[in-house]
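# Model the following, please.
(one chain, ligands or ions: 1)
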Amino acid sequence: MKISIICTGYVGLVTGACLSKLGHKVTCLDIDRSKIQALSKGLCPIHEPGLSLLIKQGLRKKNLIFTTSYTKACNVDLIFLCVDTPEGNSGEPDLTNLKNVLHSICKVAKKNLFIVTKSTVPIGTNRYIHTFFKKNTNLNIQVIANPEFLKEGSAIQDFLKPDRVVIGCDSKQSIEIIKKVYSPLNLSNEKLIFMSLESAELTKYAANSFLATKISFINKIAQLSDKIGANIHEVKAGIGSDQRIGSQFLNAGLGYGGSCFPKDIQALINLEKKLNINNSLLKAVTKINDEQLEFFYKKIINSLQKTKLHKTSLLIWGLSFKPNTDDIRESVSIKLIKYFSDKVNKIYLYDPASMKNAYAEFSEYKNIFFCDTQYQNINDSHALILCTEWEAFKNPNLEKLKMLKDRKIFDGRNFLDKGIINEAGIDYIGLGS
Ligand code: UGA
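Next comes the predicted model:
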């Protein structure tokens with residue numbers, strides 16, 4: 001099939017590259033010329049395992065092309081909208097970019113099309129898109145809501161082996177065409193879940209909000225564990241083994257971040273408010289997430305010698321909002337570094353993939369330094385704070401850790417083995433363990 005992807009952000013690139021792998025002829029459009037030039041040469045702008053290879057393969061097989069031309073992009077059977085919908089000033093998603101895209105398509109579209117919305121959009125947006133084209137063209141443009149559930153760091157796998165594909169639509173032709181798009185994945189029938197446009201839109205927000213709720217729940221239990229001397233790993237094993245609960249997204253830590261959870265939960269909070277529905281549950285989820293970071297921060301401050309704080313140097317491992325990505329948007333690690341920045345002497349930063357982004361974020365900070373390797377400056381640091389559970393941090397070199405002046409490790413992801421660290425004569429401070 002001939003398919004276009006509008007916008008080559010994280011979702012657009014993954015969707016485009018994966019659809020080209022499935023054998024479709026894919027055109028990816030972006031208005032950013034330099035990005036399109038780089039992509040056309042096979043240069044992938046984001047760190048996502050497997051993505052760069054798929055882009056190169058697509059280009060080689062001529063299944064994947066990049067363009068800035070809407071005329072080219074509209075000469076297809078189906079268009080995926082992967083435009084960003086950032087949080088606006090009011091806390092509601094900002095649809096300016098989406099509306100610009102609709103106008104651009106409208107100006108050049110010459111044939112009947114299916115528009116598939118992958119972007120996370122407020123309830124009612126797909127009906128709005130339908131009405132927009134009805135008003136502004138004589139073409140038969142059908143709209144399908146197909147929210148994405150890709151996780152950064154495993155997005156390719158999530159696309160090619162999805163738990164489910166949610167499809168909101170209201171015509172037989174839409175069902176047929178979308179089945180054709182995904183047919184190379186050979187998904188069983190129950191994995192394609194058809195529903196109304198509104199249900200699909202709400203499903204996306206509900207899924208992210210539920211996952212965030214699980215995280216805030218376990219973080220609250222971790223705080224309790226700390227107080228009563230329980231171990232959160234044991235509690236997690238105890239409750240996660242109940243199939244009704246499940247063990248995923250029950251890792252306690254310093255809180256969730258990223259470009260999706262905070263924004264999507266806020267959107268649902270706003271929607272509830274608008275509809276006069278009590279929104280205290282999701283407000284609490286957000287509040288607990290903010291408090292969890294403060295809880296960890298205070299734990300560190302209390303454990304370090306307060307009077308010497310201004311002479312203390314910290315080494316931070318992990319800057320991205322989660323492992324296997326260079327994305328630092330809404331990363332709790334970045335927030336924690338900012339809390340400390342005016343209180344301690346020096347902060348050394350290391351991350352396997354996000355150093356470039358970290359540099360852009362902190363280049364103005366005089367007491368923040370950037371490390372090329374994991375253990376660089378360890379002998380000038382009093383304590384190590386682990387903020388992101390990169391596999392590279394899993395089995396640290398104990399001899400090198402012993403060089404920490406205060407011999408203290410604060411594990412914001414409960415990732416390291418407390419027993420092994422303690423045996424080496426190093427203090428281990430986790431969250432609820
Ligand atoms: C999330 C959803 O998982 C995807 O299904 C969805 O498609 C995506 O948002 C989106 O809306 O685009 P993502 O933001 O990539 O994906 O990351 P997650 O793996 O969900 O992690 C989110 C945050 O929760 C991270 O900061 C992570 O460290 C934290 N987390 C996750 C925990 O603190 N504990 C856990 O047990 C799991």
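# List the contacts of residue 219.
By CB atoms under 8 Å, 6 or more residues apart in numbering, the contact list for residue 219 reads 252, 253, 255, 288, 289, 292, 431. (Each C-beta comes from the backbone N, C-alpha and C, glycine too.)
# What about the ligand: which of the residues you listed touch it?
With the criterion set as CB under 6 Å from any ligand atom, the members of the contacts of residue 219 near the ligand are residue 253.
# Which residues does the helix or strand containing residue 127 contact?
Assigned by DSSP states H and E, residue 127 falls within helix 125-136. Helix 125-136 is contacted from outside by 81, 95, 98, 102, 106, 115, 117, 139, 141-145, 168, 197-198, 200-201, using CB under 8 Å, 6+ apart.
# rerun that using 10 Å as the cut-off
Residues outside helix 125-136 that contact it (CB atoms under 10 Å, 6 or more residues apart in numbering): 81, 85, 93, 95, 98-99, 101-103, 105-107, 109, 113, 115-117, 119, 121-122, 139-146, 168-170, 196-198, 200-201.
# next one: stretch 357-371
47, 313, 315-317, 319-320, 326-329, 331, 333-334, 337-338, 340-351, 354-356, 376-378, 380.
# Can you tell me which of the residues you listed are classed as buried?
With burial judged by 16 or more other CB atoms under 10 Å, the buried subset of those is 47, 313, 315-317, 319-320, 326-329, 331, 333-334, 337, 340, 343-344, 346-351, 354-355, 377-378.
# So residue 217 sits against residue 251, correct?
No - counting by CB atoms under 10 Å, residue 217 sits too far from residue 251 to count as a contact (11.7 Å).
# Tell me the spacing between the residue nearest to residue 391 when sequence neighbours are not counted and residue 18.
Leaving aside its sequence neighbours, residue 391 sits nearest to residue 323 (CB to CB, 6 or more residues apart in numbering; 6.8 Å). Using CB to CB, to the nearest Å, one obtains 21 Å as the distance from residue 323 to residue 18.
# what does residue 9 give?
Applying CB to CB to residue 9 and residue 18 gives a distance of 15 Å.
# what sits against whatever residue of the stretch 1-150 of the chain ends up closest to the ligand?
The ligand sits closest to residue 149 of the stretch 1-150 of the chain, with a gap of 3.9 Å, by CB to the nearest ligand atom. Neighbouring residues of residue 149 by CB under 10 Å, 6+ apart: 155, 158, 159, 162, 163, 164, 165, 166, 203, 204, 207, 208.
# Turn these into CSV, columns for pLDDT, distance to the ligand and secondary structure.
Output for the contacts of residue 149, formatted as CSV (pLDDT from 0 to 100; distance: CB to the nearest ligand atom, whole Å; DSSP: H, G, I helix; E, B strand; the rest coil):
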residue, pLDDT, distance to the ligand, secondary structure
155, 96, 8, helix
158, 96, 7, helix
159, 97, 10, helix
162, 97, 10, coil
163, 96, 9, coil
164, 97, 11, coil
165, 98, 12, strand
166, 98, 11, strand
203, 98, 11, helix
204, 97, 7, helix
207, 98, 6, helix
208, 98, 5, helix
